[in-house]
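Undergrad: test case, fold it:
(chains A and B)
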Number of protein chains: 2
Amino acid sequence: MNKIITIGREFGSGGRELGRYLAEILGYAYYDREIIAEIAKRTSLSENYIQHIAEQKPVIPFPIHTGRTFWAVIPDYGQSVQQEQHNIIRELAQKSDCVIVGRGADYILRDENPFRIFVYSDMASKISRCKANNSQDYAKGAEMSEKELTKRIEQINKGRADYYEFYTGQKWGDKVNYDICINTANFDLKEIAEALAKIC
Amino acid sequence: MNKIITIGREFGSGGRELGRYLAEILGYAYYDREIIAEIAKRTSLSENYIQHIAEQKPVIPFPIHTGRTFWAVIPDYGQSVQQEQHNIIRELAQKSDCVIVGRGADYILRDENPFRIFVYSDMASKISRCKANNSQDYAKGAEMSEKELTKRIEQINKGRADYYEFYTGQKWGDKVNYDICINTANFDLKEIAEALAKIC
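TA: Down below sits the predicted model:
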């Protein structure tokens, strides 16, 4: 059986970076957007579009270019995208040792005994990290006011919580669902990755 | 400023052992019952008695040998015992680098920037650990039925949660109050201690 590390993470807490470091140290495959890209290839839909669905409950109304809202059709479609995504996560976990960030992989792969990490931090640290890393991954944080950024972070995390809870029936970020929960506010991510690599 | 590690822990999850290993690896002083012993020396009351108060909210009725219940007098007395205990924790933290298990030390020493660990596990693991380590530290778990032991574990943890919440105003075990939360169900405690020693 392959060694699988899953990372759930609050937006702005550095979970994705931690996952990359960990995969690099251990020589494991690393997946997050790659999963979405794979789905996009199979379904011929745009990655951004699927990214949006993946971060939300599929029942949330979503305007599309035809002018109508998507709520009437998204439940079935969302389910099939999710089903596909879950299948891909299972396939990737079969291929090799890997780190998988997000997408409820801890739950999807629960029978494979993954090492389940959850990464979080307080709002001040999230804001600071988003502003320091002014990339798309961090909502272009430096270009927003603190108030706007706080709202955006809360909104993204609400989407993740809803998605996770909808598909797993578990509470997102509840420590009982993880092997280790890390508050990144006071940590150097590389140092944590080095330490985690010894116990994963 | 000394390096201070605080450990909050669910009863039965191995937090005390983890603390001992960590102190040993790092060469730090280790405190848990020692704090209580120190208080007992100063107040000339029995360690067991103070242990009981320390694990409970002081307002809980407590029968004493005189025949009356203690609820009428315990609030003031409990407060003074706690005040003494908090003073001792501060004194110990001034003396040297140390690991302090329990007693809300993470909150008491919040201005000293402690590394705050919380140790937990699921009930099945707690039961299994209590039964395997049939000592007083583990409620002599092997001598109880699973039902009795579950009840005892819940009771002790309820006492710890009440105590913590009463004195800190924070939720016991809520991950926002800690730097790292460790589910010991699938871990070797020595291995975790080795890894933690690198990031504390």
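Undergrad: all helices for chain A, in order.
TA: Along chain A, the segments classed as helices by DSSP state H run A:15-26, A:33-43, A:47-55, A:74-95, A:105-108, A:123-132, A:146-168, A:189-199.
Undergrad: elements contacting the fifth one?
TA: Packed against helix A:105-108 by the contact rule (3 or more C-beta pairs under 8 Å, 6 or more residues apart in numbering or on different chains; DSSP states H and E) you find strand A:4-9, helix A:74-95, helix A:146-168. No exception for glycine: its C-beta is placed from N, CA and C like everyone else's.
Undergrad: out of those, which gets nearest to chain B?
TA: Taking C-beta to the nearest C-beta, strand A:4-9 is the member of those nearest to chain B, at 11.9 Å.
Undergrad: distance from the chain centre to that closest one, please.
TA: Distance of strand A:4-9 from the chain centroid (C-alpha atoms, centre = their mean, to the nearest Å) equals 8 Å.
Undergrad: what of stretch A:11-27?
TA: Distance of stretch A:11-27 from the chain centroid (C-alpha atoms, centre = their mean) equals 12 Å.
Undergrad: again with stretch A:172-187
TA: Offset of stretch A:172-187 from its chain centre (C-alpha atoms, centre = their mean): 14 Å.
Undergrad: which residues of chain A lie near chain B?
TA: Residues of chain A lying close to chain B (C-beta under 8 Å from any C-beta of the partner chain) are A:118, A:120, A:122, A:173, A:175-176, A:178-183, A:185-187, A:191-192, A:194-196, A:198-199.
Undergrad: A:R160 contacts A:Y167, correct?
TA: No: judged on C-beta atoms under 8 Å, A:R160 makes no contact with A:Y167 at a distance of 11.2 Å.
Undergrad: center of chain A - which residue?
TA: Against the mean C-alpha coordinate of chain A, by C-alpha atoms, centre = their mean, the closest residue is A:G102 at 2.6 Å.
Undergrad: gap between the residue nearest to that residue when sequence neighbours are not counted and A:L196?
TA: Of all residues not flanking A:G102 in the chain, A:D32 sits nearest, at 5.9 Å (C-beta to C-beta, 6 or more residues apart in numbering or on different chains). As judged by C-beta to C-beta, to the nearest Å, A:D32 and A:L196 stand 17 Å apart.
Undergrad: neighbour-wise, which of the two wins?
TA: Comparing A:D32 with A:L196 by other C-beta atoms under 10 Å in any protein chain shown, the one with more neighbours is A:L196, at 23 against 20.
Undergrad: in contact with the more buried one, which residues?
TA: Applying C-beta atoms under 8 Å, 6 or more residues apart in numbering or on different chains, we find A:L196 in contact with A:L18, A:L22, A:I117, A:I180, B:A195.
Undergrad: got the helices and strands packed on helix A:105-108 as CSV, with mean neighbour count and mean pLDDT columns?
TA: Output for those, formatted as CSV (neighbours: other C-beta atoms under 10 Å in any protein chain shown; pLDDT from 0 to 100):
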stretch, mean neighbour count, mean pLDDT
strand A:4-9, 26, 97
helix A:74-95, 16, 73
helix A:146-168, 17, 94
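Undergrad: need those in CSV (columns: distance to B:G141).
TA: Formatted as CSV, these follow (distance: least, C-beta to C-beta, whole Å):
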stretch, distance to B:G141
strand A:4-9, 32
helix A:74-95, 36
helix A:146-168, 32
